[in-house]
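A.B. asks: Any chance you can model this:
(one chain, ligands or ions: 1)
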Amino acid sequence: MTHAGPAVRLDMVTKAYGQARALDGVSWAFPRGGFTAVMGPSGSGKSTFLHCASGLDRPTSGTVWIGDTDLGRLREAELTRLRRERIGFVFQSFNLIPSMDVEENVALPLRLGGRAVDAGRVASVLGRVGLADRLRSRPNELSGGQQQRVALARALVTEPEVVFADEPTGALDPRTAREVLRLMREAVDRAGQTVVLVTHDPVAAAWADSVLFLDGGRIVDELRSPTVASVLARWDGVTA
Ligand SMILES: Nc1ncnc2c1ncn2[C@@H]1O[C@H](COP(=O)(O)OP(=O)(O)OP(=O)(O)O)[C@@H](O)[C@H]1O
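C.D. replies: Below you'll find the predicted structure:
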């Protein structure tokens, strides 16, 4: 990966459902090695944004690049491969495979990508999230916070260019949520990972370097070096 430009770039991305535009001409460049939160009221387009930016869905018009790859030029199978190899996903609902143990869950993206499963690499990423001693546990033997840490390890194991997290702390209590956010922050600060976090939670957003505010399918504001107080104040402005 020699590309030095933005990790993700959107240019005039629109997603229309009939007459309605869930995204309306969104342009943004997400810096490599940056942590960006995306906030906005319900229905403002956050999920649509995440789906289009990560190649889970195709925009109606406009262009999305991951690194220097234009997603619109990829066939379905190529897009699937790009998602598997170059993007990590973390969802609110963890999405772990119940019949697999922790080590197998984390190794899954490597296995699906046809890569040799390096047990040392899996153990090392599990060590980073503090679960090196739980390799043989099944998801149902873990707390919600531990399960989300497994999901984060699974997202990081391929060393993706960008991790998209959709309300990853939505199902966690505040202390456990803080632990998951700290690990995402660490992935950015220590490993130079790029993280895009969709959240409703000002406390979560305050961990980012920058917060984008969506409203009516458009980016209406950006707040750099956010704090909980400044996010809340800006939020009041967006939703007023
Ligand atoms: N598949 C779809 N068909 C029709 N309209 C849709 C579809 N998906 C989203 N929308 C509409 O697009 C707009 C943006 O939806 P989206 O789910 O992206 O918002 P959101 O900010 O993620 O909301 P929430 O915070 O409630 O999850 C909404 O008006 C929604 O009703």
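A.B. asks: Please look at T199 and F35 and confirm they touch.
C.D. replies: No - applying Cβ atoms under 8 Å, one finds T199 not in contact with F35, separated by 11.7 Å. C-betas here are computed from N, CA, C, even on glycine.
A.B. asks: and the protein, which residues reach the ligand?
C.D. replies: Taking Cβ under 6 Å from any ligand atom as the criterion, the neighbours of the ligand within the chain are Y17, A22, G40, S42, G43, S44, G45, K46, S47, T48.
A.B. asks: what is the mean pLDDT for the longest helix along the chain?
C.D. replies: In the chain, ranked by residue count with DSSP state H as the criterion, the top helix is helix 174-191. Predicted confidence along helix 174-191 averages 91 (mean pLDDT).
A.B. asks: buried ones in it?
C.D. replies: The neighbour-count criterion (16 or more other Cβ atoms under 10 Å) identifies T176, A177, R178, E179, V180, L181, L183, M184, R185, A187, V188 as the buried residues of helix 174-191.
A.B. asks: And stretch 96-110, by the same measure?
C.D. replies: Applying a neighbour-count criterion of 16+ other Cβ under 10 Å, the buried positions in stretch 96-110 are L96, D101, V102, E103, E104, N105, V106, A107, L108, P109, L110.
A.B. asks: for whichever strand or helix holds L197, packing partners?
C.D. replies: Following DSSP states H and E, one finds L197 within strand 195-198. With contacts taken as 3 or more Cβ pairs under 8 Å, 6 or more residues apart in numbering; DSSP states H and E, strand 195-198 sits against strand 35-39, helix 46-53, strand 162-166, helix 174-191.
A.B. asks: so can I have CSV of the residues of the chain next to the ligand showing pLDDT and neighbour count?
C.D. replies: Compiled in CSV, the residues of the chain next to the ligand are given as follows (pLDDT from 0 to 100; neighbours: other Cβ atoms under 10 Å):
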residue, pLDDT, neighbour count
Y17, 95, 9
A22, 97, 22
G40, 94, 25
S42, 93, 6
G43, 94, 14
S44, 95, 22
G45, 96, 23
K46, 96, 23
S47, 94, 16
T48, 96, 21
